[in-house]
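[1] Below: sequence and its predicted model.
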Amino acid sequence: MNQFYKKMAIWFAICLIFVLIQFQYQQPDNDISNTTKLSYTKFKENLDKGLIPNFTLEQNQATWTDAKGKHFMANLPSNPSTIDTYLAKGVDIEIIPNIDERSIFQQLFSFELVILMFCIWYFFIRGRWPKNDKAMAFGKSEGLVVDGTKSDVRFKDVAGIDEAKEELVEIVNFLKNPTKFIEAGARIPTGVLLYGDPGTGKTLLAKAIAGEAGVTFFSMSGSSFVEMYAGVGASRVRDLFIKGKKKAPCIIFIDEIDAVGKHRGAGGNDEREQTLNQLLVEMDGFQISDKVIVVAATNRIDTLDSALLRPGRFDRQVLVPLPDVVGREHILKVHAGKVNVAENVNWQVLAKGTPGFSGAELANMVNEATLIAVKNDTKVGIKELELAKDKVMMGAERRSMIISDKDKEVTAYHEIGHALVAVMTPGTDKVTKVSIIPRGKSMGQTMQVPETDKYSHTCTYLFDKICVLMGGRIAEELIYNELSTGCANDIERASEIARRMVCEWGMHEDIGPIVFKNPEQPGLSSPTISEKTAEAIDAAVQDIIDRAYKYSTEILVGNISLLNKLTLELLEKETISGKDIKRLMNRDGHLHFLRHSEATD
């Protein structure tokens, strides 16, 4: 805003100078203002009477002064002989001087216009295109600068990642008291790389470091360094670090650093590689006395250049994982402390029902629950939180969607097929809810929640997951002897799991423990696969799918009566819980359980 007013003041001064110059040029002389103007007729009469002893002629304009000191002027014709005839008849003639065309040209290039054009060039052109070392305004870093002393983000606001916070306590202590570390000869990490899944709180954690230490926080995105013009990104890197050193001690935070820090190689982007090279030089040139720490965040650490990760640059790499059940409970409580929550909310139960949720998703869930509570004019309770959880996981309900009774019935059999296979197969995730209310792109949902957080999966667990995915398609085939497109996503997910079991996890006896990486996947390059090996892989994937299909078919055929009863219950209520399924199973009494070996022999 101050820059705006400054420019306005400059333009106002320019306009004022222009007006004053014009006024000065146009103001008549005092002698001329007191001059009496005579017509040509009166001039001739006075001349003939001898009242004009002498006069001055300039550009057909005569000026003279009489004996009394009074000033006179008259405009004379260019050729007086042409109008003498009219004078002889006593006609009063007034001469209007011709406008010299050269005067218009001279006005266009008058002194004041030259001054005005110079001012426009100086303040506009020079102001927008700085000279020499400031060439190109976009060569400057445009990062966000936050005063750490005014930041209200602290470690207590970052829940669920206690181990990551412990890794950063030393950084905070160094920024608070750098002299202690320097005198002891200790070298604090030059750079800290925070990596992990999206939404786990990497950016929030970097802000908390600055808030705890009370130092200046510079924040820029990795993509902000990359431009189409070579050298711009490197210039921005230099400018950012110069600013950082002036504000030391401080933190320079680069979000999504993989945008600029990817592997260098043949055919790479020259501008991006120049920017990366400049970043490497700036980080490697740090001294302990600089008191500047670089914190960066990425979701793709596997794509970063090895020179960036070596000791001396990002020599401390901190994993920011998805929160476990205890972490999710703490995160929910942190966000719930900002809203009006009912007293009967059991945060532990909610935390168990949100496995795989990131901190951002949990924050979004609490916010959605708050919006629902405000809409219903009530407090945030367990009902609002459950509705918000479903919305975050599966999308908003589409109750206005018109669905025929036949399509609704097909969807119901499809979802019950998933649920029944899951319930009848030991070791699968617990079924918590089955619904035929459309959400997002899905016509129905079968929600499964693991009883505990899982960090690795067995071959049996993955096989059972494929069986559950096949259950919907098989139920449609058994009831209608027809297939629909509703199982497209199930087939895609099942095929992906089976292929990874074969190609990445060595979970098929015919292939063995060999990795065949997909060329489209990051990380290891794909080894050359012969045609025979490719056929063996396809056969192994097909074998897993066929065995899962056979197992699920046996389950549903043996429990066809229960399949029909559960479908009718679902059609009536539109949403049923896992407890409802258990209740109907206990009432039916005739259940057909099957072991994997019986279906795969």
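    Nice, thanks for sending it over.
[2] where's Asn177 relative to Ala186, distance?
    12 Å (CB to CB, to the nearest Å). For glycine as for every other residue, the C-beta is placed from the backbone atoms N, C-alpha and C.
[3] Pull up the overlap in contacts between these two.
    Where contact means CB atoms under 8 Å, 6 or more residues apart in numbering, no residue is in contact with each of Asn177 and Ala186.
[4] Spit out the contact partners of the closest residue to Tyr195 other than its chain neighbours.
    Distances taken as CB to CB, 6 or more residues apart in numbering place Ile301 nearest to Tyr195, at 4.2 Å, with adjacent residues excluded. By CB under 8 Å, 6+ apart, the residues touching Ile301 are 193, 195, 258, 309, 317.
[5] Look up how far Phe241 lies from Ile301.
    Applying CB to CB to Ile301 and Phe241 gives a distance of 23 Å.
[6] Now for Leu387, how many residues are close by?
    16 (other CB atoms under 10 Å).
[7] go on, Glu343?
    6.
[8] swap in Glu384?
    Neighbours of Glu384 using other CB under 10 Å come to 24.
[9] again with Ala248
    Neighbours around Ala248, by other CB under 10 Å: 15.
[10] go on, Met365?
    25.
[11] Kindly report the same for Val145.
    Residues near Val145, counting by other CB under 10 Å: 13.
[12] which other residues reach the helix or strand hosting it?
    Using DSSP states H and E, Val145 maps to strand 144-146. With contacts defined as CB under 8 Å, 6+ apart, strand 144-146 is touched by 207, 210, 216-220, 243.
[13] partner strands of it, parallel or antiparallel?
    Here strand 144-146 has these sheet partners by DSSP bridges: strand 216-221 (antiparallel).
[14] Please name every helix or strand in contact with the helix or strand that the partner strand is followed by.
    Per DSSP H and E, the first helix or strand lying C-terminal to strand 216-221 is helix 232-246. Using 3 or more CB pairs under 8 Å, 6 or more residues apart in numbering; DSSP states H and E, the elements in contact with helix 232-246 are strand 216-221, strand 250-255, helix 270-284, strand 292-298.
[15] quick one: helix 232-246 to strand 250-255, angle?
    150 degrees (axes from the mean of the first three to the mean of the last three CA atoms, to 10 degrees).
[16] centre of the chain versus helix 232-246, how much separation?
    Averaging C-alpha positions (CA atoms, centre = their mean, to the nearest Å) puts helix 232-246 22 Å from its chain's average.
[17] cool, and stretch 310-319?
    So, by CA atoms, centre = their mean, the centroid of stretch 310-319 is 26 Å from its chain's centroid.
[18] mean confidence for that stretch?
    Averaged across stretch 310-319, the pLDDT comes to 85.
[19] In that stretch, which residues are buried?
    313-318 (16 or more other CB atoms under 10 Å).
[20] I'd like the next helix or strand past the helix ranked longest in the chain.
    Criterion DSSP state H: the longest helix present in the chain is helix 531-558. Using DSSP H and E, the helix or strand that follows helix 531-558 in sequence is helix 560-573.
[21] Could you list the buried residues of that following helix?
    Those would be 562-563, 565-567, 569-571, for helix 560-573 by 16+ other CB under 10 Å.
[22] Please tabulate those residues in TSV, including the columns distance to Gly506 and pLDDT.
    Below are the buried residues of helix 560-573 laid out as TSV (distance: CB to CB, whole Å; pLDDT from 0 to 100):
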residue	distance to Gly506	pLDDT
Leu562	37	90
Leu563	36	91
Lys565	42	90
Leu566	37	91
Thr567	39	91
Glu569	42	90
Leu570	39	90
Leu571	44	90
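[23] any chance of those residues in CSV, plus distance to Ile161?
    Shown next, in CSV, are the buried residues of helix 560-573 (distance: CB to CB, whole Å):
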residue, distance to Ile161
Leu562, 44
Leu563, 44
Lys565, 46
Leu566, 41
Thr567, 43
Glu569, 42
Leu570, 39
Leu571, 44
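[24] Just the closest of those residues to Tyr551, please.
    Proximity of the buried residues of helix 560-573 to Tyr551 was ranked by CB to CB; the top entry is Leu563 with 15.6 Å.
[25] That closest one: what's it in contact with?
    By CB under 8 Å, 6+ apart, the neighbours of Leu563 are 413, 416-417, 420, 475, 478-479, 556.
[26] Quick one, which of these are buried?
    Buried, going by 16+ other CB under 10 Å: 413, 416-417, 420, 475, 479, 556, out of the contacts of Leu563.
[27] Quick test: name the residue nearest the centre of this structure.
    Most central in the chain under CA atoms, centre = their mean is Ser221, positioned 9.1 Å from the mean C-alpha point.
[28] roughly how far apart are that residue and Ile257?
    The value you get for Ser221 to Ile257, if CB to CB is used, is 9 Å.
[29] burial measure for Cys503, as a count.
    Neighbours around Cys503, by other CB under 10 Å: 22.
[30] same check, this time on the one 4 residues further on
    Residues lying near Met507 (other CB under 10 Å) number 22.
[31] Could you double-check that it lies in contact with Thr460?
    No: assessed by CB atoms under 8 Å, Met507 is found out of contact with Thr460, at 9.8 Å.
[32] before we move on, which element is the nearest residue to Asp429 once chain neighbours are set aside in?
    Counting by CB to CB, 6+ apart, Asp429 lies nearest to Gln448, which is 3.8 Å off, once chain neighbours are set aside. Take DSSP H and E as the rule and Gln448 turns out to sit in strand 445-449.
[33] Average pLDDT for that strand, rounded please.
    88.
[34] could you show me where the strands are in the stretch 351-500 of the chain, in order?
    430-435, 445-449 (DSSP state E, counting those that start in this stretch).
[35] measure Phe181 to Leu563 for me?
    Counting by CB to CB, the gap from Phe181 to Leu563 is 68 Å.
[36] one step back: spatially, which two of the buried ones among the contacts of Leu563 are the most separated?
    It's Leu420 and Ile479 that sit farthest apart of the buried ones among the contacts of Leu563, by CB to CB, at 12.4 Å.
[37] which regions of the stretch 101-250 of the chain lie under the pLDDT threshold?
    Residue ranges of the stretch 101-250 of the chain with pLDDT under 70: 101-143, 148-149, 227-231.
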